[in-house]
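Participant: heads up, no residue letters with this:
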């Protein structure tokens, strides 16, 4: 397989037609080697627009979804980022290109180590993989300029929103199958938290997630 040709086709034929027009996003997807973050047995499918199985029964998001998330936050440089759901470490590597430091939390110990190994092998030093349940956020490093929730939530928990800095952004998938909403939450200039819906999709729910008191917009 010609990896660079396959990567180009992923970006230009799968991700770009799904509304990802930002050249900075496409360049970032061309730079970070997705094939280095998938399980070895799935390497041939690294550039397919599918959810790739990971250890512990979890999956990587589809490349088209990853591209849409990046486009939603591309213009926003963050000093400190929290990603909830490390997965293979691939999306943390993408976030690290436009952040000072990324903390990515993973509930599954085997998957957390998988992410650490992938990031270390690719020389990415501004990502720290934390192990634990971060469905309510990760208080030890809060507050954050940017929070990205890589799995689904029934609704946005208020405790998570309180970990966001004023002027920051939070990306999340909310709702339940068959229709979930991808949204950006942020404080407006009157310090009122707002949520803007971006697109509809379906992603796997975060593990151990429960119905919690939510912020009412």
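Facilitator: Sure, I can see it. These numbers come from a predicted model, not from an experiment.
Participant: so who does residue 69 touch?
Facilitator: Taking C-beta atoms under 8 Å, 6 or more residues apart in numbering as the criterion, residue 69 is in contact with 61, 91, 148, 171, 182. Every residue, glycine included, has its C-beta placed from N, CA and C.
Participant: Take those and keep only those in helices.
Facilitator: Per DSSP state H, helices hold the following members of these: residue 91.
Participant: The contacts of residue 69: which two are farthest apart?
Facilitator: Taking C-beta to C-beta as the measure, the contacts of residue 69 span a maximum distance of 13.9 Å, between 91 and 182.
Participant: between the two, who's got more neighbours?
Facilitator: residue 91 (25 against 21; other C-beta atoms under 10 Å).
Participant: List the residues that contact the more buried one.
Facilitator: 61, 66, 69, 83, 148, 150.
Participant: ok, the residue nearest to the last one when sequence neighbours are not counted - contacts?
Facilitator: Nearest in space to residue 150, with sequence neighbours left out and distances taken as C-beta to C-beta, 6 or more residues apart in numbering, is residue 85 at 3.6 Å. Residues near residue 85 by C-beta under 8 Å, 6+ apart: 58, 104-107, 134, 149-151, 206.
Participant: One more pass at 10 Å, please.
Facilitator: 58, 61, 91-92, 104-108, 111, 115, 134-135, 148-152, 203-204, 206-207 (C-beta atoms under 10 Å, 6 or more residues apart in numbering).
Participant: Sort out which of those are in strands and list them.
Facilitator: Judged by DSSP state E, the contacts of residue 85 include 104-106, 148-152 as members of strands.
Participant: Next secondary structure element downstream of the longest helix that the chain contains?
Facilitator: Longest helix in the chain by number of residues, with DSSP H as the criterion: helix 109-121. For helix 109-121, the succeeding helix or strand toward the C-terminus, using DSSP states H and E, is strand 127-131.
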